[in-house]
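>>> With the input below, show me the fold.
(chains A, B, C and D)
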4 protein chains.
Amino acid sequence: MKNETETEQALAEHVIGWMALHDRVGRGLGVRVVSVKPYAVTLALTVSAEMLNAHDVCHGGVIFSLADSAFAYACNSQNDSALATAGSVQFLSPARLGEELIATARQVAQQKRIGLYDVTVATADGRTVALFRGSSYRVQAALAPPQPQPGGAEPAVES
Amino acid sequence: MKNETETEQALAEHVIGWMALHDRVGRGLGVRVVSVKPYAVTLALTVSAEMLNAHDVCHGGVIFSLADSAFAYACNSQNDSALATAGSVQFLSPARLGEELIATARQVAQQKRIGLYDVTVATADGRTVALFRGSSYRVQAALAPPQPQPGGAEPAVES
Amino acid sequence: MKNETETEQALAEHVIGWMALHDRVGRGLGVRVVSVKPYAVTLALTVSAEMLNAHDVCHGGVIFSLADSAFAYACNSQNDSALATAGSVQFLSPARLGEELIATARQVAQQKRIGLYDVTVATADGRTVALFRGSSYRVQAALAPPQPQPGGAEPAVES
Amino acid sequence: MKNETETEQALAEHVIGWMALHDRVGRGLGVRVVSVKPYAVTLALTVSAEMLNAHDVCHGGVIFSLADSAFAYACNSQNDSALATAGSVQFLSPARLGEELIATARQVAQQKRIGLYDVTVATADGRTVALFRGSSYRVQAALAPPQPQPGGAEPAVES
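Numbers count the residues shown, from 1 in each chain, chains lettered A, B, ... in the order given. Predicted structure coming up:
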């Protein structure tokens, strides 16, 4: 029998795996899931030539997309079906061609419906590229289909 | 001899045309330049299947990318070489597959170095999808190469 | 018999009058209600010596307080009992001793629970001092006590 | 002879002491300086009846004012004469009459002119009331008058 922490971790892995599979923008950008915990996730991508803007640095929209995906995966990680209502980003240092960007999302606050999540986007050597703060709102529905259960048991998660 | 307004309009068209050509993210998303004025621009894109997230609505990163491109084109439209320092977006209504999104950017304030720009993202039938507010910072350089001059004259813009 | 518009206007006047009376910060700052409409309000204050910061310009907290009161009055104007969940302000021009600041709040979007309001803070001669954007969340309760009814009728508003 | 750390700490104490003395809004609210470090400061205030809004909780403007003062003291602590260009606040939990609010400001990033500072506002027992993020811009001037020097030496700080 699993304890609560194991169940939450398994659910986070299930939901975020499912989200990453269905996040066509993240897949198009080559976003990789580095690690997963309940309400926390680390993603990575490598800046390619297609991600550059007219200043020849990584387009802010790519950085926002990476952070926004990390935010979405984190706030939905327990199948909460939360939608983003707002996001703000501070650009601290430009990201250049070939750099790996690592986005680390964590829950700052979660009330019944409203949540607040912070995402740090940094290079592999620790330079902070951007800080993102996102607001979420929970609707009353599950997002991902239920986890398959060993032994054919009923799903623990309502769908 | 051109008057000042015509010169500014021609410069805006030149710079924004050059930026759109070098904005690989905008091109990848199929962003179209609808209209251009000094410090103002309207862009459009159509939501495709590749732009959907796990909720089956347009990924917030796509909406931000569209708004961020509009902001960047507007604040650089007189070849000011301004960089985005921050952007915030409020998501008001989800955008769905096949909808056309129109982003209208305008200058709210411009000081010596710091600028503030608002972008509204709406559907073709007028439903507001998102509001974006961006902060820019001018560096001391031109962005685009000079406009070609009729008759081989020297460029009017320092490069 | 009143039509709907008259009823909404009367309710806005009642609720905002009640709020202004109970807004001890606004009263302490000398905030004046200039005009009222459903989901829109204009307030004013005069920058006094007590409002200055160490730079000898009006403290950002005073400007935020004025804008936040305008936002709160606007989003509660139909007795919605909405709370502020977030506010952001861009400071565009310092306000100086003796200047009158006029805050104009309007509803940008209102969903079932979440609302978005913009407030412009300007001087009497039209210089924009700050732009404020606030997010609200409706709880299930009325804020102000019911309006007194002519002729002793029952209150139209549940309290 | 002082080392660099001692000099920076002494300067922070001098400038923040001077700012607190000249921050008439902070003084009016009863803001107390709890601790000071270079580019970091902790302030406190106690929620009084005059700080309540019509919902009978602490007015958002008071919370913003406290955080904004902490931000201003932190970003000016080396006499940098930095002005606030923007601030955003997320309200996570209401503050009630009699509660002590502690605002802790820290530098997140500082470039040549643009800085980013985060302030957490919490109660004495650790409940987070609000998160504030402020952007600053350095102008070319000192803010506070020079520190008095022991033995009548010349001031080390240009004024």
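
>>> make it CA atoms for all contacts and neighbour counts henceforth
OK.

>>> Tell me the bridge partners for A:Tyr137.
Beta-bridge partners of A:Tyr137, counted by DSSP bridges, are A:Leu83, A:Ile114.

>>> so what's it up against?
For A:Tyr137, the contact set (Cα atoms under 8 Å, 6 or more residues apart in numbering or on different chains) comprises A:Ala82, A:Leu83, A:Ala84, A:Thr85, A:Arg113, A:Ile114, A:Gly115.

>>> Okay, A:Pro38 and A:Ala74: tell me how far apart.
Distance, A:Pro38 to A:Ala74, by Cα to Cα, to the nearest Å: 7 Å.

>>> out of these two, which sits in the busier spot?
A:Ala74 (29 against 23; other Cα atoms under 10 Å in any protein chain shown).

>>> show me where chain A has helices.
Using DSSP state H, the helices found in chain A span residues A:4-22, A:24-28, A:60-75.

>>> Look up how far chain B lies from the residue nearest to the spatial centre of chain A.
Centroid check for chain A by Cα atoms, centre = their mean gives A:Ala70 as the closest residue, at 1.8 Å. From A:Ala70 across to chain B, the span is 11 Å (Cα to the nearest Cα, to the nearest Å).

>>> Skip the chain neighbours and tell me the closest residue to that residue.
Counting by Cα to Cα, 6 or more residues apart in numbering or on different chains, the nearest residue to A:Ala70 once its immediate chain neighbours are dropped is A:Ala105, at 5.7 Å.

>>> so the one you found makes contact with A:Ala72?
No. Counting by Cα atoms under 8 Å, A:Ala105 sits too far from A:Ala72 to count as a contact (9.1 Å).

>>> Can you tell me how far the nearest residue to A:Thr120 once chain neighbours are set aside is from A:Tyr117?
With sequence-adjacent residues excluded and distances taken as Cα to Cα, 6+ apart, A:Thr120 is closest to A:Leu131, at 4.9 Å. For A:Leu131, the distance to A:Tyr117 (Cα to Cα) stands at 11 Å.

>>> for A:Thr5, same thing?
Counting by Cα to Cα, the separation of A:Thr5 from A:Tyr117 is 21 Å.

>>> who's more crowded, those two?
Neighbour comparison, A:Thr5 and A:Tyr117: the larger count goes to A:Tyr117, with 23 against 11 (by other Cα under 10 Å).

>>> Run a quick neighbour tally on A:Gly126.
A:Gly126: 10 surrounding residues under other Cα under 10 Å.

>>> Give me the pLDDT for it.
Model confidence at A:Gly126, given as pLDDT, is 95.

>>> where does chain A have low pLDDT?
Where chain A drops to pLDDT under 70, the residues are A:1-2, A:149-159.

>>> Just give me the neighbour total for A:Leu101.
Quick note: A:Leu101 (other Cα under 10 Å) scores 28 neighbours.

>>> hang on, isn't it packed against A:Leu45?
Yes. Shown here, A:Leu101 and A:Leu45 form a contact pair, counting by Cα under 8 Å, at 5.4 Å.

>>> Report how far apart the opening and closing residues of stretch A:78-85 are.
Span of stretch A:78-85 from end to end, Cα to Cα: 18 Å.

>>> A:Ala103 pairs with what?
On the basis of DSSP bridges, A:Ala103 is bridged to A:Leu43, A:Val121.

>>> Would you mind measuring from it to chain B?
14 Å.

>>> what sits against that residue?
Counting by Cα under 8 Å, 6+ apart, A:Ala103 makes contact with A:Thr42, A:Leu43, A:Ala44, A:Leu66, A:Ala67, A:Ala70, A:Val119, A:Thr120, A:Val121, A:Ala122.

>>> Identify the farthest-apart pair in those.
Farthest-apart pair in the contacts of A:Ala103 is A:Ala70 and A:Ala122; separation 13.1 Å (Cα to Cα).

>>> Is the residue nearest to A:Thr120 in contact with A:Arg106, as I believe?
No. A:Leu131 is not in contact with A:Arg106 according to Cα under 8 Å; the separation is 12.0 Å.

>>> Overlap in contacts, the two.
A:Asp118, A:Val119.

>>> circling back to that earlier point, how about the contacts of A:Ala103 in TSV, adding distance to B:Gln9?
Below are the contacts of A:Ala103 laid out as TSV (distance: Cα to Cα, whole Å):
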residue	distance to B:Gln9
A:Thr42	45
A:Leu43	42
A:Ala44	41
A:Leu66	35
A:Ala67	36
A:Ala70	40
A:Val119	39
A:Thr120	39
A:Val121	37
A:Ala122	39
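
>>> Which of those residues sits closest to B:Val33?
The nearest one, if we look at the contacts of A:Ala103 relative to B:Val33 and count by Cα to Cα, is A:Leu66, at 24.9 Å.
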